[in-house]
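Chemist: fold the following and give me the result.
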Amino acid sequence: MQKILLAEDDETMRNFLMRSLEKAGYDVVTVAHGIEALPHLASGQFDLLLTDIVMPGMDGIELARRATKMYTDLPVMFITGFAAVAMDRSTERPKNSKLLQKPFHLKDLVDEVERILAA
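Modeler: Predicted structure coming up:
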(Lines give C-alpha, C1' and ligand atoms only; values in the text may rest on other atoms or scores of the structure.)
Protein backbone atom coordinates (compact mmCIF):
# COMPACT_ATOMS: atom_id res chain seq x y z
CA MET A 1 0.00 0.00 0.00
CA GLN A 2 1.37 3.41 -0.95
CA LYS A 3 1.97 5.81 1.92
CA ILE A 4 1.15 9.53 1.88
CA LEU A 5 2.22 12.17 4.39
CA LEU A 6 -0.51 14.83 4.54
CA ALA A 7 0.31 18.20 6.13
CA GLU A 8 -2.74 20.46 6.47
CA ASP A 9 -3.40 22.94 9.27
CA ASP A 10 -7.20 22.99 8.87
CA GLU A 11 -8.43 20.01 10.90
CA THR A 12 -11.70 19.61 9.00
CA MET A 13 -9.93 19.66 5.64
CA ARG A 14 -7.17 17.34 6.93
CA ASN A 15 -9.69 14.73 8.10
CA PHE A 16 -11.74 15.07 4.92
CA LEU A 17 -8.68 14.53 2.71
CA MET A 18 -7.44 11.66 4.87
CA ARG A 19 -10.75 9.80 4.62
CA SER A 20 -10.95 10.32 0.86
CA LEU A 21 -7.41 9.09 0.26
CA GLU A 22 -7.86 6.10 2.56
CA LYS A 23 -11.06 5.23 0.67
CA ALA A 24 -8.99 5.29 -2.52
CA GLY A 25 -6.64 2.71 -0.98
CA TYR A 26 -3.78 4.81 0.38
CA ASP A 27 -2.14 4.66 3.80
CA VAL A 28 -2.27 8.26 5.09
CA VAL A 29 -0.32 9.83 7.96
CA THR A 30 -1.62 13.28 8.90
CA VAL A 31 0.04 16.24 10.61
CA ALA A 32 -1.18 19.75 11.41
CA HIS A 33 1.91 21.66 10.24
CA GLY A 34 5.36 21.34 8.72
CA ILE A 35 7.29 21.09 11.98
CA GLU A 36 5.12 18.16 13.06
CA ALA A 37 5.88 16.42 9.76
CA LEU A 38 9.67 16.34 10.20
CA PRO A 39 9.89 13.41 12.68
CA HIS A 40 7.53 11.39 10.46
CA LEU A 41 9.74 12.05 7.45
CA ALA A 42 12.82 11.02 9.41
CA SER A 43 11.28 7.80 10.69
CA GLY A 44 9.38 6.49 7.71
CA GLN A 45 9.40 6.22 3.96
CA PHE A 46 6.60 7.96 2.10
CA ASP A 47 5.57 7.71 -1.52
CA LEU A 48 4.11 11.24 -1.62
CA LEU A 49 4.14 14.43 0.42
CA LEU A 50 0.78 16.19 0.13
CA THR A 51 0.96 19.59 1.81
CA ASP A 52 -0.87 22.84 2.19
CA ILE A 53 1.37 25.82 1.44
CA VAL A 54 0.21 28.35 4.01
CA MET A 55 0.61 26.86 7.50
CA PRO A 56 1.85 28.22 10.83
CA GLY A 57 5.41 27.54 11.94
CA MET A 58 6.82 26.01 8.77
CA ASP A 59 5.03 26.50 5.48
CA GLY A 60 4.56 23.76 2.93
CA ILE A 61 7.27 25.03 0.61
CA GLU A 62 9.93 24.84 3.34
CA LEU A 63 8.60 21.42 4.36
CA ALA A 64 8.90 20.25 0.75
CA ARG A 65 12.46 21.58 0.51
CA ARG A 66 13.49 19.68 3.62
CA ALA A 67 11.63 16.52 2.59
CA THR A 68 13.23 16.45 -0.86
CA LYS A 69 16.67 16.94 0.68
CA MET A 70 16.05 13.78 2.72
CA TYR A 71 14.43 11.87 -0.16
CA THR A 72 15.42 13.36 -3.50
CA ASP A 73 12.85 11.34 -5.47
CA LEU A 74 9.91 12.12 -3.17
CA PRO A 75 7.06 13.62 -5.20
CA VAL A 76 5.35 16.63 -3.66
CA MET A 77 1.83 17.88 -4.24
CA PHE A 78 0.84 21.28 -2.91
CA ILE A 79 -2.77 22.06 -2.09
CA THR A 80 -3.62 25.69 -1.47
CA GLY A 81 -6.20 28.40 -1.66
CA PHE A 82 -3.40 30.89 -2.25
CA ALA A 83 -2.31 30.14 -5.81
CA ALA A 84 -0.70 33.56 -6.15
CA VAL A 85 1.74 32.62 -3.38
CA ALA A 86 2.42 29.26 -5.00
CA MET A 87 2.92 30.72 -8.46
CA ASP A 88 5.15 33.62 -7.41
CA ARG A 89 8.37 33.23 -9.41
CA SER A 90 10.44 34.10 -6.35
CA THR A 91 9.01 31.10 -4.53
CA GLU A 92 11.25 28.15 -5.31
CA ARG A 93 9.34 24.87 -5.31
CA PRO A 94 10.86 21.42 -5.79
CA LYS A 95 11.13 20.36 -9.44
CA ASN A 96 9.15 17.23 -8.71
CA SER A 97 6.05 19.10 -7.47
CA LYS A 98 2.47 19.66 -8.56
CA LEU A 99 -0.08 22.24 -7.43
CA LEU A 100 -3.80 21.71 -6.83
CA GLN A 101 -5.70 24.88 -6.04
CA LYS A 102 -8.54 24.93 -3.49
CA PRO A 103 -11.41 24.51 -3.90
CA PHE A 104 -11.10 21.23 -5.77
CA HIS A 105 -13.20 18.11 -6.25
CA LEU A 106 -12.05 15.03 -4.37
CA LYS A 107 -12.01 13.09 -7.63
CA ASP A 108 -9.49 15.61 -9.01
CA LEU A 109 -7.31 15.13 -5.93
CA VAL A 110 -7.42 11.33 -6.11
CA ASP A 111 -6.82 11.37 -9.89
CA GLU A 112 -3.78 13.64 -9.51
CA VAL A 113 -2.39 11.51 -6.65
CA GLU A 114 -2.80 8.41 -8.83
CA ARG A 115 -0.99 10.12 -11.74
CA ILE A 116 1.90 11.22 -9.53
CA LEU A 117 2.32 7.82 -7.91
CA ALA A 118 2.08 5.97 -11.24
CA ALA A 119 4.93 8.01 -12.73
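Chemist: neighbours of Gly34, how many?
Modeler: Counted by other CB atoms under 10 Å, the residues lying close to Gly34 total 25. The C-beta positions use only the backbone N, C-alpha and C, and glycine is treated the same way.
Chemist: ditto for Asn15
Modeler: Asn15 has 13 neighbours, counted by other CB under 10 Å.
Chemist: and the helix or strand encompassing it, what does it pack against?
Modeler: Applying DSSP states H and E as the criterion places Asn15 in helix 11-23. With contacts defined as 3 or more CB pairs under 8 Å, 6 or more residues apart in numbering; DSSP states H and E, helix 11-23 has these neighbours: strand 3-7, strand 27-31, strand 48-52, helix 106-118.
Chemist: give me whichever of these is most buried.
Modeler: strand 48-52 (a mean of 26; mean count of other CB atoms under 10 Å).
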